[in-house]
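**Q** Got a predicted model here, sequence first, then my questions.
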Amino acid sequence: MTTAAATTKSILHVAGYSSCGFYRRAASVVASLSLLFPHRLQVVQHEFTSRDEFREWLIHGTNFRERVGNLNLGGGGNLRASAHSSSPFCWISNSADQSSSADSVLEFIGGCDDTLDWCRKFAQPPAPSTLSNNNVDEAEMVPDGHTPSHSYDYDLLILGGGSGGLAASKEAARLGAKVAVLDYVKPSPAGSKWGLGGTCVNVGCIPKKLMHYAALLNGNYLHDQPHYGIGVTPESIEANYGMTQDNTAATQSWDMLKQNVQNHIRGLNFKYRVDLREKEVTYLNLLGKFVNEHTIETVDKKGNVDTVTFSRCMIAVGGRPTPLTCEGGELAISSDDIFSLDRDPGKVLCVGASYISLECAGFLRGIGKDVTVAVRSILLRGFDRECAKLIGEHMKDEGIVFREEVVPNKLEKVGEKIKVTFSNGESDEYDTVLAAIGRSGDTSKLGLENVGVAVNPKNSKISAKFEQTSVPNIYAIGDVMDGCPELTPVAIHAGKALSRRLFGGSKQAMDYRNVCTTVFTPLEYGTVGYSEDDAIAEFGEEAVTVYHKYFVPLEWSLSPSRGSHQGFCKAIVNKHTDKVLGLHYLGPNAGEVMQGFGTAMKLGCKFEDIVETVGIHPTTAEEFTTLSITKESGEDAAASGC
């Protein structure tokens, strides 16, 4: 094993196919490591255009893995190489030649997880770990030149007043640092503005969940209340021959919903400002741009220019929606605009199959709007394919129209409507077009080129190792960091952990593994760990077994229209170790169900641990504890009663 103590340069080769997420992740991490340790590590990438081309090189054609396996490398690594069939395939070589032969291989590393483990050991300081939790990495930070006696305005200047930046600022101030938060919201292209708190509070998680709840309430009124006897009169029972019927569509005021949601958000904005003052964090409502690695040029809303200096800077500006680039794309709004829209959305086209697009389509349809979703390829890229398919089927049952394998080619104003012409030649008119095709880091106007901070040109996000950028005293957390899950709790945890390392003597790194998330579509989806496809790609189909189950939540059982829908759960398990690789749940209260399982996953739970846990009855969460049918058995996965 090549360790951090080695003085010679390691030449690490990473081979995989371009669409493989595990290859991209491994390649990104080792590339970042080579930037931090250019004298100790050189990276050579072997990128194939397809899985078939990669496997032809690895197994069938040149049979690279077998040739590596036949080498006398010692340590048994060659035996693992012979059996390795997934992307990436990583090794240490004595040659940086792109076409280097198997004869130059010094050490076989393995796949993505093996390579990340190698990277941790490579960057690990020689002293033994003192962390109480051995499953959490220590972060070896590059010295950033900070001293308590510096002459700058602030110990720490944070760019961005979102969830991560605010959490980091308060933690650093608690530890004695002099901290300022620089936050200025640039209006969206449609002109929407908001206050302190970032995307989550203003135009993300909070308003989304409230509007999702509005849709759930409307669904309860339509499909559940009559069958529970709520609002039912003797006359209606007699008219329906002793049966209950779903309610007809309820009236819904978009203006009232929007106003109440915005009032709640403004209350949160005020609380955040008060909280910063109480924690002795300076709030600067200014737009910032780097002049050098210790100076920011600021501009206020009146155009007045000034400068602020800092010993350390943390970039936490998050991301913004990627706009449509087709003709007339400026007529579309985004998730930055929908929650404060000053008119009823009416008939809506949601462009994109991201979780943001599907969540918006779901709550808009749930409150009675006519909704269409334009899908270029697949739903919920990056999530479990089976679960994404079930979500799509459920949304279609809810009355959402899907235009598949199309993109908008042109948007044009026709009276009060927007006419959309699609790539297949068809067209339709909508009151609102909402673009949700992705998000990019909000870095274009930060002046990063003035300080040499590396940015991924594909998404404008910042490359970082342990949240430390290529400029040692400048850090990045949250959605703006390349490869970081775009989740509010991740940014909060990462920001607090980084502040503790910078000002509290901690060495504990942020743990990005096994982070739970929930997609608030009409059929909610909670997940943690590997998807089924990713698990098979990483560990091999022969090493993975899937336990699955369909069920009808008890609360749906009295409603005839709900009875046609089902919940679903599955556990993805390593056959050889019984370790749970991933958990997936479709049903009510998905976030509440999945949160506890996230703790179990971080502790390395096995499938036996789950099924030996006594369930809480009657709940949907207990369905995981009753899993017994595997996919490979071919048995019916429908639930069989209480």
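**A** It's in.

**Q** So, low pLDDT: which residues of the stretch 1-150 of the chain?
**A** Residues of the stretch 1-150 of the chain meeting the criterion pLDDT under 70: 1-8, 72-79, 100, 125-136.

**Q** For it, just list every one of the helices.
**A** 21-36, 51-55, 64-69, 77-83, 112-123 (DSSP state H, counting those that start in this stretch).

**Q** now these as JSON lines including distance to Ser236?
**A** C-beta coordinates here come from the backbone N, C-alpha and C atoms, glycine included. Shown next, in JSON lines, are the helices of the stretch 1-150 of the chain (distance: least, CB to CB, whole Å):
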{"stretch": "helix 21-36", "distance to Ser236": "54"}
{"stretch": "helix 51-55", "distance to Ser236": "59"}
{"stretch": "helix 64-69", "distance to Ser236": "70"}
{"stretch": "helix 77-83", "distance to Ser236": "67"}
{"stretch": "helix 112-123", "distance to Ser236": "60"}
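
**Q** can you tell which of these is closest to Val455?
**A** helix 21-36 (12.4 Å; CB to CB).

**Q** what angle sits between the closest one and helix 112-123?
**A** 10 degrees (axes from the mean of the first three to the mean of the last three CA atoms, to 10 degrees).

**Q** Contacts for helix 21-36 next, please.
**A** 12, 14-18, 41-43, 45, 47, 86-88, 90, 111-112, 115-116, 119, 122-123, 142, 382, 454, 463-465, 468, 470, 482-483, 534, 537-538 (CB atoms under 8 Å, 6 or more residues apart in numbering).

**Q** Compare the helices of the stretch 1-150 of the chain and report which one is nearest to Ala172.
**A** So among those, helix 21-36 is nearest, using CB to CB, at 23.0 Å.

**Q** and the closest one, which residues are buried?
**A** 21-27, 29-36 (16 or more other CB atoms under 10 Å).

**Q** Scan the protein for its longest helix.
**A** helix 254-278 (DSSP state H).

**Q** quick one: buried residues of it?
**A** For helix 254-278, by 16+ other CB under 10 Å, it's 254, 257-258, 261, 265, 268-269, 272-273, 276.

**Q** Touching it from outside, list them.
**A** 161, 166, 169-170, 181, 194-197, 201-202, 206-207, 210-211, 214, 282-283, 339-345, 367.

**Q** Phe568 and His548 touch, don't they?
**A** Yes: judged on CB atoms under 8 Å, Phe568 makes contact with His548 at a distance of 7.2 Å.

**Q** Compare those two (neighbour count), which wins?
**A** Applying other CB atoms under 10 Å to Phe568 and His548 shows that Phe568 carries more neighbours, namely 21 against 17.

**Q** mind checking how far the helix or strand the more buried one falls within is from the chain centre?
**A** Under the criterion of DSSP states H and E, Phe568 resides in strand 567-574. Offset of strand 567-574 from its chain centre (CA atoms, centre = their mean, to the nearest Å): 20 Å.

**Q** partners of that strand in the sheet?
**A** strand 544-551 (antiparallel), strand 580-586 (antiparallel) (DSSP bridges).

**Q** Just the C-alphas of that strand, formatted as CSV.
**A** Taking Å, rounded to 0.1, in the frame of the first residue of the first chain, the C-alpha atoms of strand 567-574 are listed here in CSV:
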residue,chain,number,x,y,z
GLY,A,567,-46.8,1.8,-1.4
PHE,A,568,-43.5,0.0,-2.0
CYS,A,569,-40.3,-0.7,-0.1
LYS,A,570,-37.1,-2.6,-0.8
ALA,A,571,-33.8,-3.3,0.9
ILE,A,572,-30.6,-3.9,-1.2
VAL,A,573,-28.3,-6.3,0.6
ASN,A,574,-24.8,-7.6,0.0
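
**Q** That one - what's its average pLDDT?
**A** What strand 567-574 shows for mean pLDDT is 98.

**Q** can you pull the contacts of Asp482?
**A** Asp482 neighbours (CB under 8 Å, 6+ apart): 28, 441, 456, 459, 461-464.

**Q** Buried residues, the longest strand that the chain contains. List them.
**A** Identified as the longest strand of the chain according to DSSP state E is strand 305-315. The neighbour-count check on strand 305-315 (16+ other CB under 10 Å) flags 308-315 as buried.

**Q** So for stretch 341-354, what gets flagged as buried?
**A** Quick answer for stretch 341-354 (16+ other CB under 10 Å): 341, 345, 347-354.

**Q** residues making contact with that stretch?
**A** 254-255, 258, 324, 332-333, 338, 357-358, 360-361, 364, 369-381, 407-408, 418, 420, 428-438.

**Q** roughly how far is that stretch from the heart of the chain?
**A** With CA atoms, centre = their mean, you get 22 Å for stretch 341-354.

**Q** And stretch 224-244, by the same measure?
**A** 44 Å.

**Q** For that stretch, buried residues please.
**A** 224-227, 232, 244.

**Q** Would you mind measuring the gap between the ends of that stretch?
**A** 10 Å (CA to CA, to the nearest Å).

**Q** Please apply the same query to stretch 298-307.
**A** 6 Å.

**Q** after the helix or strand hosting Gly596 comes which helix or strand?
**A** According to DSSP H and E, Gly596 maps onto helix 590-602. Sequence-wise, the next helix or strand downstream of helix 590-602 (DSSP H and E) is helix 607-611.

**Q** for the record, mean pLDDT for that next one?
**A** The model assigns helix 607-611 a mean pLDDT of 95.

**Q** Which neighbouring elements make contact with that helix?
**A** strand 567-574, strand 580-586, helix 590-602 (3 or more CB pairs under 8 Å, 6 or more residues apart in numbering; DSSP states H and E).

**Q** Buried members of the contacts of stretch 341-354 into PyMOL, please.
**A** To isolate the buried ones among the contacts of stretch 341-354 in PyMOL, judged by 16+ other CB under 10 Å, type:
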select buried, resi 254+258+324+332+333+338+357+358+360+361+364+369+370+371+372+373+374+375+376+379+380+407+408+418+420+430+431+432+433+434+435+436+437
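
**Q** Out of the contacts of stretch 341-354, which sit inside helices?
**A** 254-255, 258, 338, 357-358, 360-361, 364.

**Q** with the residues you listed in mind, which one is nearest to His617?
**A** The closest of those, once distances to His617 are taken by CB to CB, is Leu358, at 31.6 Å.

**Q** Touching, the closest one and Phe383? I think so.
**A** No: between Leu358 and Phe383 there is no contact under CB under 8 Å: 10.3 Å.
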